[in-house]
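**Student:** Any chance you could fold what I've pasted below:
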Amino acid sequence: MLGYVIPAEKANYLFEKYSYWRNFVLDMVVKNAYELFLVLNELISKRVDQRLVEYIKNNAKGNVIKATHEEIARDIGTAREVVSRLLKEWTKVKVLMPDYQKHHQWLEENGHLLRVI
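**Tutor:** Residues are numbered from 1 along each chain as shown. Predicted coordinates for the structure are as follows:
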């Protein structure tokens, strides 16, 4: 995503002269602030293991998730080490079953296997 910096004087001029420009900028600020609020609310209200389970359920395509531990961690708002530790713990208790291609298979309640690559 690219961004541009507009000098303050020019931004003020555009705000005063063009109401559609002002509305566009304010709409973008509100939208971004709302999205930030949603992310922060999820981070505060849900434990990491719950976010990881949700991520796996929501991102499985054909019972496979093509993402590294680092990518998953970034998407759920935690560190890669936390994701790796949880996946390792789930392997020990047979919630995850590693295969020989360095994938992790996650067993859902309904018996479907999901692989985290």
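
**Student:** and E71, what helix or strand is that in?
**Tutor:** Element membership for E71 (DSSP states H and E) is helix 69-76.

**Student:** Need the residues that contact that helix.
**Tutor:** 48, 51-52, 55, 65, 67, 79-80, 82-84, 87, 116 (CB atoms under 8 Å, 6 or more residues apart in numbering). To be clear about C-beta, it is placed using only N, CA and C from the backbone, and glycine gets the same treatment.

**Student:** Which members of those residues are classed as buried?
**Tutor:** V48, R51, L52, Y55, I65, A67, V82, V83, S84, L87, V116 (16 or more other CB atoms under 10 Å).

**Student:** And those residues, which is the shakiest by pLDDT?
**Tutor:** pLDDT across the buried ones among the contacts of helix 69-76 is lowest for V116, at 53.

**Student:** count of neighbours near E35?
**Tutor:** 10 (other CB atoms under 10 Å).

**Student:** ok, it to R80 distance?
**Tutor:** Plainly put, E35 is 23 Å away from R80 if you go by CB to CB, to the nearest Å.

**Student:** Sort out for me which of the contacts of helix 69-76 are in helices.
**Tutor:** The members of the contacts of helix 69-76 that map onto helices under DSSP state H are V48, R51, L52, Y55, R80, V82, V83, S84, L87.

**Student:** Could you save those residues as JSON lines and add columns showing distance to L26?
**Tutor:** Converted to JSON lines, those look like this (distance: CB to CB, whole Å):
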{"residue": "V48", "distance to L26": "35"}
{"residue": "R51", "distance to L26": "31"}
{"residue": "L52", "distance to L26": "36"}
{"residue": "Y55", "distance to L26": "32"}
{"residue": "R80", "distance to L26": "37"}
{"residue": "V82", "distance to L26": "37"}
{"residue": "V83", "distance to L26": "37"}
{"residue": "S84", "distance to L26": "42"}
{"residue": "L87", "distance to L26": "42"}
